[in-house]
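Engineer: Fold the following for me, if possible:
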Amino acid sequence: MDFRRIFSLLKFLIFALILPLNFALSTVSNAAISDSEIQTLEQDFQITTNKIYSSLAKKLSQCSSHTRSLKRLNKQLQKLTKQNKNVISICLIQNHLSLIEKNIDSKEVFPIFQFLLNNNDSILANKLYTKVKDEGDKSLLSNYSFIYARYYLKRKKWAKVLFFIKGTYNDLTAEDANFARLITGIALQKTKKHRKAVKIYSKIPSQSKYYPEARLNIATAYIRQDWWTDAHLEINNIINNKKTETNKEMINRLYLVLGYSLLRKEFYRDSREAFRNIEVDSIYFNKALLGIALTATNQEDYIGALNALTILKSKKSYDLSIDESYLLLPYTYEKLNQNMTASASYTDAQKYYQERIKNIQLLINKKQYKTNAKTILDNNHYLNLEKNIVDFSKYYPVSFLKNITHLNELSVYLSYIQDKNLIRKYKTLVVKHNKLFSTMLDHIMDKRLAYLNSYMNQARFGLARLFDNSNTASN
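Structural biologist: So this is what the prediction gives:
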């Protein structure tokens, strides 16, 4: 098998890696579900849940307490949040709306406004925002707009992020202004305005906690424009920056980006060294192992490649790095002139891929996984689907998962709602979310199936070519 064919399979992985740490800039252009479908359901969610909160605010005794102090109200909300009683908190806010609007120019309203958006009650939040626009000064409006921009960032609504963040910097605290620049740059990169993004990122000073992320995003922009040398310099500067020292996973991510970037430019020794710096307990360790195997193979260190691939094969979960190791392993045995072992390894790879494909097809047909697959592993965007590790945010907004969580929280309060029509709307909303979530997961797993089928076909080709070469040699 031509190693270049295997290497080409990893292009998608490399470009997935050269993205910012906390804000993935991946696209959903090939998504089976359109953005308009998600947005329509989002609007239904906001309208229905707002009505439910209004109804519960009148019925629940826990929401009946009143205070004349926003400070005391915020303390109550903080206590309820710790108890995971977000529904009670929103109802309490509704019952204190007149107090909040009367003190709309107070900074004590900021956390209340933020809480509403965190729980996607944008209808009530928008009432407060309208009040600020009508009665507040520019500085106050900028702070509310900043919170809104962060809300739309999570929903990947880039045009709205840019709309709300525009002109806010001078009215924010120093670090909020730096964060505003960071999300401005992200939105610009998402709309392919890389050079404009770099100019914005460059305004974030080195003493800011957002500086490392900004410089990583600059490196990403350079890579997108094929300015590899500048990108590598940026990444090395971030690694050596004291601001990055305490964030171990960011350092691991930086080394991973650097390693694959160097690999693509065929700087194999430097690439391998970058991968070796990634810690064993990092979520990026599997990808680092695959990178070490690839660099070792290019350096003709096949024993080193075998060691990395053997560790990958021993893993108990399934991600693309592990799947790819089964294809790279027999090739490595070939290069060691161990054709019998290579043949057995190609056969083993085919069996592995056949079993993986069968299990994922069963998983797609198994309705239970679609309602129980909400285990968040890291950063609120990785899902564990029966040991298949899936980055949900690569395809869809994580805010959709949060909406499902909010609906689940509301289910225990349905007995307090007397409006049967409202209950019916709620149940319809739950069904629609579960159905769309199911379709999302099917689409994501279909993508995984496409990769596995490609790997299996190449394993078959490799085995056939190996036999053909053996027959030619014997003749």
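
Engineer: Was I right to think Met99 contacts Lys71?
Structural biologist: Met isn't right for residue 99; it's Leu. No: judged on C-beta atoms under 8 Å, Leu99 makes no contact with Lys71 at a distance of 11.3 Å. Where you see a C-beta, it was placed from the backbone N, CA and C, and this is true even at glycine.

Engineer: Quick check: closest non-adjacent residue to Tyr222.
Structural biologist: With C-beta to C-beta, 6 or more residues apart in numbering as the criterion, Tyr222 has its nearest non-adjacent residue at 3.9 Å, and that residue is Ala231.

Engineer: For that neighbour, give its distance to Ser206.
Structural biologist: For Ala231, the distance to Ser206 equals 18 Å [C-beta to C-beta, to the nearest Å].

Engineer: Who has more neighbours out of those two?
Structural biologist: Neighbours per residue, other C-beta atoms under 10 Å: of Ala231 and Ser206, the larger number sits with Ala231, 23 against 12.

Engineer: show me what contacts the more buried one?
Structural biologist: Listed by C-beta atoms under 8 Å, 6 or more residues apart in numbering, the contact set of Ala231 reads Ala219, Thr220, Tyr222, Ile223, Ser261.

Engineer: how about the second one, phi and psi?
Structural biologist: So that's Thr220. Reported as degrees, to the nearest 10, the phi and psi values for Thr220 are phi -60, psi -40.

Engineer: what helix or strand does the residue nearest to Tyr222 sit in?
Structural biologist: helix 228-239 (DSSP states H and E).

Engineer: in that helix, what counts as buried?
Structural biologist: Across helix 228-239, burial judged by 16 or more other C-beta atoms under 10 Å covers Trp228, Ala231, His232, Glu234, Ile235, Ile238, Ile239.

Engineer: pLDDT and distance to Cys91 for the residues you listed - can I get that in CSV?
Structural biologist: Formatted as CSV, the buried residues of helix 228-239 follow (pLDDT from 0 to 100; distance: C-beta to C-beta, whole Å):
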residue, pLDDT, distance to Cys91
Trp228, 86, 55
Ala231, 88, 50
His232, 90, 53
Glu234, 90, 48
Ile235, 90, 48
Ile238, 86, 45
Ile239, 87, 48
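
Engineer: can those residues go into JSON lines with extra columns for distance to Arg181?
Structural biologist: Formatted as JSON lines, those follow (distance: C-beta to C-beta, whole Å):
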{"residue": "Trp228", "distance to Arg181": "25"}
{"residue": "Ala231", "distance to Arg181": "20"}
{"residue": "His232", "distance to Arg181": "24"}
{"residue": "Glu234", "distance to Arg181": "17"}
{"residue": "Ile235", "distance to Arg181": "20"}
{"residue": "Ile238", "distance to Arg181": "17"}
{"residue": "Ile239", "distance to Arg181": "22"}
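
Engineer: could you pull out the helices for the stretch 151-300 of the chain?
Structural biologist: Remark: helices assigned in the stretch 151-300 of the chain by DSSP state H, counting those that start in this stretch are 158-165, 174-190, 194-201, 211-224, 228-239, 248-264, 268-276, 285-298.

Engineer: Could you dump these into CSV with distance to Phe467 added?
Structural biologist: As requested, those are arranged in CSV below (distance: least, C-beta to C-beta, whole Å):
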stretch, distance to Phe467
helix 158-165, 52
helix 174-190, 48
helix 194-201, 48
helix 211-224, 41
helix 228-239, 40
helix 248-264, 31
helix 268-276, 31
helix 285-298, 22
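
Engineer: Out of the ones you listed, the one nearest Leu410 is which?
Structural biologist: With C-beta to C-beta as the criterion, Leu410 lies closest to helix 158-165 of the helices of the stretch 151-300 of the chain, at 26.0 Å.

Engineer: how far out from the middle of the chain is that closest one?
Structural biologist: Mean-position distance between helix 158-165 and its chain equals 20 Å (C-alpha atoms, centre = their mean, to the nearest Å).

Engineer: Pull the contacting residues for the nearest residue to Glu300 once chain neighbours are set aside.
Structural biologist: The shortest distance from Glu300 to any non-neighbouring residue, by C-beta to C-beta, 6+ apart, is to Lys335 (7.4 Å). Lys335 makes contact with Thr297, Glu300, Tyr302 under the criterion C-beta under 8 Å, 6+ apart.

Engineer: now that we have these, which one has the most neighbours?
Structural biologist: Thr297 leads the contacts of Lys335 on contacts (other C-beta under 10 Å) with 23 neighbours.

Engineer: That residue touches Thr332, doesn't it?
Structural biologist: Yes: between Thr297 and Thr332 there is a contact at 6.2 Å, judged by C-beta under 8 Å.

Engineer: Which neighbours do the two have in common?
Structural biologist: Ala305.

Engineer: about what we covered before: mind picking the one among the contacts of Lys335 that's closest to Asn421?
Structural biologist: Thr297 (64.3 Å).

Engineer: Not counting its neighbours along the chain, what's nearest the closest one?
Structural biologist: Distances taken as C-beta to C-beta, 6+ apart put Ala305 closest to Thr297, at 4.7 Å, once the chain neighbours are dropped.

Engineer: same check, this time on Leu70
Structural biologist: Glu108 (3.8 Å).

Engineer: If I follow the layout properly, the one you found ends up in contact with Asn74?
Structural biologist: Yes: Glu108 is within contact range of Asn74, at 6.0 Å (criterion: C-beta under 8 Å).

Engineer: could you say what helices and strands the helix or strand containing His433 packs with?
Structural biologist: For His433, the element it lies in under DSSP H and E is helix 420-474. Under the contact criterion of 3 or more C-beta pairs under 8 Å, 6 or more residues apart in numbering; DSSP states H and E, helix 420-474 touches helix 3-9, helix 35-59, helix 320-335, helix 339-365, helix 368-372, strand 388-391, helix 399-410.

Engineer: and Gln43, how many neighbours?
Structural biologist: Gln43: 11 neighbours (other C-beta under 10 Å).
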